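J.: Compute the structure for the input listed below.
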Amino acid sequence: MPVTDTHLKKLIQCIDLEEKEQVKKYSLDQQHSLKSLKAEGLAIHPLIVTRKNFGYADYPEISFRLAFPAETTLFRDGAAIECFCAGESAIKGTLLHLDGRSGEFRLYAPDFPDWIEDDGVGIKLAPDQHTHAIMKQVLNDLENNKNLFELFRQLHGEIPFKEMESLKNSDLTFSNTRLNESQRKAVIAVAENEHLVVLHGPPGTGKTTTLIEAIIQLIKKGEKVLVTAPSNTAVDNIASGLAKQSVKILRVGNTTKVNDTIFPFTPEGKLQNSRQQKEIKQLKIQAEEYRKMALKYKRNFGKAEKEQRNLLFKEVKNIRSEIKKLQAYNEEKLFAEADVIAGTPVGIYDAGINNIRFHTLIIDEAGQCLEPLAWCVIPFADKFVLAGDHLQLPPTVLSQEAKQMNFDRSILEIAIGSCKNIYLLDTQYRMRSAIAGFSGNYFYNGLLKTAAGLDNNGIHISFIDTAGSGYNEMHGNDGMSLQNEGELKIARVLIAEEKLLPEQTAFISPYNGQVTAAKEQLQSSIRISTIDSFQGQEHGNILLSLVRSNDEGEIGFLKDYRRMNVAITRAKDRLFVIGDSATIGADPFFNAFLTYVEQHGNYRTVWEFDMNQ
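T.: Down below sits the predicted model:
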């Protein structure tokens, strides 16, 4: 059996394993109490409902705030969730948005449940069966498409990629005249691409800026472009940049939480004042009237009333179905007019644009994109651009068995192993050179330069060593995730001694337990997050708490150096790393990092601080 056939079957098997793991992990039952789900960051409870409204396709949408600080790392925009309340049937939905202690979710139901504002309402993560079904479908269809299956075989090294000829002396007129040489080369490569190009963008190297210019050049050539990324935030970043350049863009998918810049470029925004939208508005009013009539029947009623309520809800459902048909009809014209259509892979797949042929597909954040997720959108286009950094965090996979089968290898990591058409963005504009230096040498082979103006004008990187202090790691109140009380004390003292402005400072850690404890103990104006959630972001000052401190030298998933690459490249001006050299120093990576700080920064011990502050 050919290698690729085996790999296809393995991918489908991994999707099944991941789905089973999600079902097992997310279940609220005798084996999984609400307390344990909350401890693992899989449930948020209780919620305080702050607003109810009907949103996209007239689905109920609920705004909420958290009653207490909670671990919310895994609750990413677009995550499949269930809304629950003790003694009631849970309702499936989607998390639209969660930022700090407030958020919003959509329920896939004809109306708000009667209990939605009762005490004890919460949401928990749910298996994403919809995404899993789509991924399996596209993989099963691959072998039936000769061109696609050839690309699959190329990616997996069974047949070689055609290497691009050296770039021509392009006569491109750049819209953005401030691009550096490596960015310009990447733009030219995308414009001249005939098959597949990889754009490798380390932290702070202007990947989004480069992609926006590349898209503008493709449009000038008369191309229709499809843009995707696994997160809504990444899609919106590119969409916002294109909108500012007056590009004809249509943002599809989850558009209920887009900012004011993006909304006019969504189907809803473009149709806002049209005759068709007025017709849809009348239908929504009609549906609302039927809904209110149905709501007159409260929880306790007889058989006749129940039948009448069901009939009214059925009419509401019929009207909403009519609304969806009208929206789909109106959106077809918008799809045809747009030069660029942007959305997440599943958002694009669900948008019904499979009858449109795109010249180029651009996958941003490809280093976080599961291979089967990429195949959901690859069939839409003739040429492909993968952009991202495979040396930062890989896609999230829960199933350990699937991980052992390399399911968490991103489409970018796979492509970099087989494709020669790779263009590195080689100048970073985010960090002081002392902060960027270690990652530049360790991960990027010394090829990463720092832009002018970011030279050091003081000490920008510090390590605070807790060795011998007795500040040991411990399990938090949940008995599961680790925390380190001593490192939190050091963080508080550092903020005071260094006069760090809270609004310019973020506290990050690899461990959920430390993040939860920090939310209770540090100032609320300081951004507090796990490293995983902070990927793609930056802040003036970063406090990084490593947590691990034990006699055995166990460092757990600090061993994933890609997570550390993310962590130490978030700070623009000052990076403070707090850790125990006796625990981490035996590891070659951390030993090299400690040596680097001694040479280029400030190596301090906990004994230098007044811990009684």
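J.: what's the distance between Thr209 and Ser175?
T.: Note on Thr209: its distance to Ser175, by CB to CB, to the nearest Å, is 11 Å. From N, CA and C alone the C-beta is placed, and that goes for glycine too.
J.: more neighbours, these two?
T.: Neighbours were counted for Thr209 and for Ser175 using other CB atoms under 10 Å; Thr209 has more, 18 against 13.
J.: For that one, pull up the helix or strand it's in.
T.: According to DSSP states H and E, Thr209 maps onto helix 207-220.
J.: same deal with Leu488?
T.: Counting by DSSP H and E, Leu488 is part of helix 485-497.
J.: So which elements touch that helix?
T.: helix 512-521, strand 539-545, strand 571-579 (3 or more CB pairs under 8 Å, 6 or more residues apart in numbering; DSSP states H and E).
J.: Run through who's touching the following helix or strand past the second one.
T.: It stands for strand 539-545. Tracing the chain C-terminally past strand 539-545 and defining elements by DSSP H and E, one meets helix 561-567 next. The set of residues external to helix 561-567 that reach it, using CB atoms under 8 Å, 6 or more residues apart in numbering, is 203, 391-394, 439, 442-443, 508, 510, 531-532, 534-535, 542, 544, 557-558, 589, 593.
J.: so what's Phe161 up against?
T.: Contact analysis of Phe161 by CB under 8 Å, 6+ apart lists Gln154, His195, Leu196, Ser418, Cys419, Lys420, Asn421.
J.: Give me the neighbour count for the fifth one.
T.: Residues near Cys419, counting by other CB under 10 Å, number 22.
J.: What values do phi and psi take at the nearest residue to it once chain neighbours are set aside?
T.: Once flanking residues are discounted, Cys419 sits nearest to Phe161: 5.0 Å by CB to CB, 6 or more residues apart in numbering. Note on Phe161: backbone dihedrals following degrees, to the nearest 10 are phi -70, psi 150.
J.: isn't Ile188 right up against Phe174?
T.: No: with contacts counted by CB atoms under 8 Å, Ile188 stays clear of Phe174, the gap being 9.6 Å.
J.: ok, the two, which is more surrounded?
T.: Legend: neighbour count by other CB under 10 Å for Ile188 and Phe174, higher for Ile188 (19 against 15).
J.: gap between that one and Glu268?
T.: On the measure of CB to CB, Ile188 and Glu268 end up 36 Å apart.
J.: Could you do Ile219 as well?
T.: From Ile219 to Glu268 the distance is 24 Å (CB to CB).
J.: And Glu223, by the same measure?
T.: 26 Å.
J.: what do you get for Glu40?
T.: Taken as CB to CB, the span from Glu40 to Glu268 is 36 Å.
J.: what about Arg548, neighbour count?
T.: 23.
J.: Can you verify my assumption that it contacts Ser581?
T.: No: assessed by CB under 8 Å, Arg548 is found out of contact with Ser581, at 11.1 Å.
J.: Over to Asp111: give its phi and psi.
T.: phi -160, psi 170.
J.: same question, Asn602
T.: Per degrees, to the nearest 10, the backbone of Asn602 is at phi -130, psi 110.
J.: again, but for Gly269
T.: Dihedral pair for Gly269: phi -70, psi -40, per degrees, to the nearest 10.
J.: for the helix or strand harbouring Phe507, packing partners?
T.: In this structure, Phe507 sits in strand 505-509 according to DSSP H and E. Applying 3+ CB pairs under 8 Å, 6+ apart, one finds that strand 505-509 contacts helix 512-521, strand 527-530, helix 531-534, strand 539-545.
J.: Let's see that with 10 Å instead.
T.: helix 485-497, helix 512-521, strand 527-530, helix 531-534, strand 539-545, helix 561-567, strand 571-579 (3 or more CB pairs under 10 Å, 6 or more residues apart in numbering; DSSP states H and E).
J.: one step back: select, out of the helices and strands packed on helix 485-497, the one closest to Glu315.
T.: Glu315 lies closest to helix 512-521 among these, at 45.9 Å (CB to CB).
J.: could you give the mean pLDDT of the closest one?
T.: When pLDDT is averaged over helix 512-521, the result is 88.
J.: Pull out the buried positions in it.
T.: Under the neighbour-count criterion of 16 or more other CB atoms under 10 Å, helix 512-521 has Asn512, Gly513, Gln514, Val515, Thr516, Ala517, Ala518, Lys519 buried.
J.: just to revisit the earlier point, could you name every residue contacting both of Ile188 and Phe174?
T.: Residues touching both Ile188 and Phe174 by CB atoms under 10 Å, 6 or more residues apart in numbering: Gln217.
J.: residue contacts, the closest residue to Leu447 other than its chain neighbours?
T.: Using CB to CB, 6+ apart and skipping residues adjacent in sequence, the residue nearest Leu447 is Asp426, 5.6 Å away. If a contact means CB under 10 Å, 6+ apart, then Asp426 has 180-183, 185-186, 200-202, 205, 440, 444, 447-449 as its contacts.
J.: How about Ile216?
T.: 172, 174-176, 187, 191, 225, 241-242, 245-247, 339-340.
J.: Repeat that for Val198.
T.: 186, 189, 366, 384-388, 390, 412, 415-416, 419-424.
J.: and if we set it to 7 Å?
T.: The contact partners of Val198, by CB atoms under 7 Å, 6 or more residues apart in numbering, come to Leu386, Leu412, Ala415, Ile416, Cys419, Asn421, Ile422, Tyr423.
J.: Just to be sure, it is in a strand?
T.: Yes: counting by DSSP: H, G, I helix; E, B strand; the rest coil, one finds Val198 located in a strand.
J.: Across the sheet, point out what pairs with it.
T.: Leu386, Ile422 (DSSP bridges).
J.: For it, give its distance to Val515.
T.: For Val198, the distance to Val515 - CB to CB - is 33 Å.
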